[in-house]
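Peer 1: Got a predicted structure plus its sequence, pasted below:
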Amino acid sequence: MQLGRYPWLHESKKRIGKNLPPALLIHGLPGIGKHTLANHLAQSVLCEKVSDLTDPCGTCSSCLLFEANTHPDFKHLTNDEAETSSSDTRSSTTKKPKQVISVKSVRGLGDFCHTKPHRGVAKVVIIEPAENLNQSAANALLKNLEEPPAFLNFILLARHKESLIPTLLSRCLKVHAKAPDIDSTSQWLSKQKPDLNSSEPIKQLAIHLSGSAPLAALELVDDDLFFDQRGEILSLLSQRYVDAFALAAYCEKIEVPVLQRVFYALLHDLLMIENHGQALFHIDKMRELGDIKRSTAAKTFCRWHSEFNEYLKSANHPLNRRLALEALFLKWPQTK
């Protein structure tokens with residue numbers, strides 16, 4: 001995997017140095033390319049024709065195995081999967097991803113971590129999102145990081161480094177994958193989608209809503225459903241008295257990452273308007289933002305933000321999502 005298409009990631013790679021440390025944490029916004037950078041680093045370490053973190057050749061047998069996702073010296077650990085109950089007639093044979101990486105999953109790496117590489121001289125484990133390691137899983141991972149074999153490398157990916165326990169953080173080289181400036185992201189988007197030049201407002205809105213994270217912005221410009229859902233949520237919140245039950249009923253149908261993006265941006269905008277008089281993200285919805293601000297108590301925005309973060313921890317639970325959303329929106333900080 002080459003980084004030529006992702007020029008903003010070169011600076012993050014440069015900060016890592018010429019050799020991959022035993023434990024690396026890459027943190028940054030969703031859609032910034034953390035996963036892309038981690039895979040590039042892993043392939044570089046496993047490549048048979050390079051000896052440091054230069055670009056992998058892409059042609060050796062090791063690179064071909066990596067790109068086919070069959071390399072025996074590479075593991076990718078992510079959220080667990082939970083089988084739905086057989087009594088759930090809606091989807092009795094499907095699996096629903098949990099928002100957790102369990103201690104069982106981490107302990108399952110035991111043999112992989114302590115046996116020598118099948119090919120070459122290195123093994124790599126990518127863990128994402130690392131903030132979803134529960135306490136027991138994080139403690140189990142620490143045991144692997146305390147005295148790792150010389151051939152073993154861990155790459156952890158997270159949105160915020162503060163979401164990891166301090167003892168885990170202390171064992172990692174921390175690299176912040178920063179978003180490029182708005183102009184650079186705009187130019188990159190235009191190269192990927194030349195037809196966007198005729199839709200400049202949509203492009204600029206996608207850039208602002210993504211925090212100038214190029215991959216997230218690229219996804220947003222084609223996501224008409226997201227813009228429709230965002231508009232309806234802001235419309236419901238802009239009413240003089242917010243109907244928590246109607247809002248919960250609507251939001252129940254929306255994917256959690258969409259809610260996260262809309263509400264994080266909204267709360268940021270409300271505080272920006274309060275202190276500076278100008279929004280940063282929902283820049284095309286100033287009328288709705290003005291109505292929301294007039295009908296809410298500004299001092300309690302941050303408190304509700306904490307409530308929202310608590311909701312996110314269990315947001316994908318299949319049994320109580322509507323009730324959880326109703327409880328959340330009943331706490332929306334509107335004035336009496």
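Peer 2: Thanks, I have the structure now.
Peer 1: What's the separation between residue 143 and residue 161?
Peer 2: 21 Å (Cβ to Cβ, to the nearest Å). Quick note: C-beta positions are derived from backbone N, CA and C, even for glycine.
Peer 1: Compare these two (neighbour count), which wins?
Peer 2: Legend: neighbour count by other Cβ atoms under 10 Å for residue 143 and residue 161, higher for residue 161 (19 against 13).
Peer 1: thought the more buried one was touching residue 25?
Peer 2: Yes - assessed by Cβ atoms under 8 Å, residue 161 is found in contact with residue 25 at 6.1 Å.
Peer 1: intersection of neighbour lists for the two?
Peer 2: Counting by Cβ atoms under 8 Å, 6 or more residues apart in numbering, the shared contacts of residue 161 and residue 25 are 169, 174.
Peer 1: Please enumerate the strands of the stretch 151-300 of the chain.
Peer 2: Ranges of strands in the stretch 151-300 of the chain, per DSSP state E, counting those that start in this stretch, are 152-158, 173-176.
Peer 1: Buried residues of the lengthiest helix in the chain, list them for me.
Peer 2: Longest helix of the chain, by residue count under DSSP state H: helix 256-276. The neighbour-count check on helix 256-276 (16 or more other Cβ atoms under 10 Å) flags 258-271, 273 as buried.
Peer 1: picking up where we left off before, who wins for proximity to residue 222 among the strands of the stretch 151-300 of the chain?
Peer 2: Shortest distance between residue 222 and the strands of the stretch 151-300 of the chain, using Cβ to Cβ, is found for strand 152-158: 24.3 Å.
Peer 1: Check which helices and strands that closest one is in contact with.
Peer 2: strand 23-27, helix 34-46, strand 123-127, helix 135-146 (3 or more Cβ pairs under 8 Å, 6 or more residues apart in numbering; DSSP states H and E).
Peer 1: I'd like these written out as TSV, with mean pLDDT and distance to residue 17 added.
Peer 2: Below are the helices and strands packed on strand 152-158 laid out as TSV (pLDDT from 0 to 100; distance: least, Cβ to Cβ, whole Å):
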stretch	mean pLDDT	distance to residue 17
strand 23-27	96	10
helix 34-46	96	11
strand 123-127	96	16
helix 135-146	90	18
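Peer 1: so which of these comes closest to residue 52?
Peer 2: helix 34-46 (7.7 Å).
Peer 1: Could you tell me the angle between that closest one and strand 152-158?
Peer 2: Orientation of helix 34-46 against strand 152-158 (axes from the mean of the first three to the mean of the last three Cα atoms, to 10 degrees) gives an angle of 170 degrees.
Peer 1: what sits up against helix 34-46?
Peer 2: 1-3, 6, 9, 12-13, 16, 20, 24, 26-28, 50, 52-56, 62-63, 66-67, 71, 73-74, 119-120, 122, 124, 126, 128, 153, 155, 157, 177, 215.
Peer 1: Emit the ChimeraX select command for whichever of these are buried.
Peer 2: Selection command for ChimeraX covering only the buried members of those, criterion 16+ other Cβ under 10 Å:
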select :1,3,6,9,12,13,16,20,24,26,27,28,50,53,56,62,63,66,71,73,74,122,124,126,128,153,155,157,177,215
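Peer 1: Could you tell me which of the contacts of helix 34-46 are located in helices?
Peer 2: Counting by DSSP H, these place 9, 12, 13, 16, 62, 63, 66, 67, 215 in helices.
Peer 1: The first one touches residue 178, doesn't it?
Peer 2: In this case it means residue 9. No - the criterion here is Cβ under 8 Å, and residue 9 misses it with residue 178 at 9.7 Å.
Peer 1: returning to what we had before: with mean pLDDT as added columns, please give the strands of the stretch 151-300 of the chain in TSV.
Peer 2: TSV is the format used below for these (pLDDT from 0 to 100):
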stretch	mean pLDDT
strand 152-158	96
strand 173-176	96
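Peer 1: Can you say which of those strands is packed in most?
Peer 2: Mean neighbour counts were compared across the strands of the stretch 151-300 of the chain using mean count of other Cβ atoms under 10 Å; the top stretch is strand 152-158, at a mean of 24.
Peer 1: Could the C-alpha coordinates of it be exported in PDB?
Peer 2: The C-alpha coordinates for strand 152-158 follow below in PDB (Å, rounded to 0.1, in the frame of the first residue of the first chain):
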ATOM      1  CA  LEU A 152       6.700  -8.000  17.400                       C
ATOM      2  CA  ASN A 153       5.200  -4.700  16.600                       C
ATOM      3  CA  PHE A 154       1.800  -3.300  17.800                       C
ATOM      4  CA  ILE A 155       0.000  -0.400  16.000                       C
ATOM      5  CA  LEU A 156      -2.900   1.100  17.900                       C
ATOM      6  CA  LEU A 157      -5.400   3.400  16.200                       C
ATOM      7  CA  ALA A 158      -7.600   5.800  18.200                       C
END
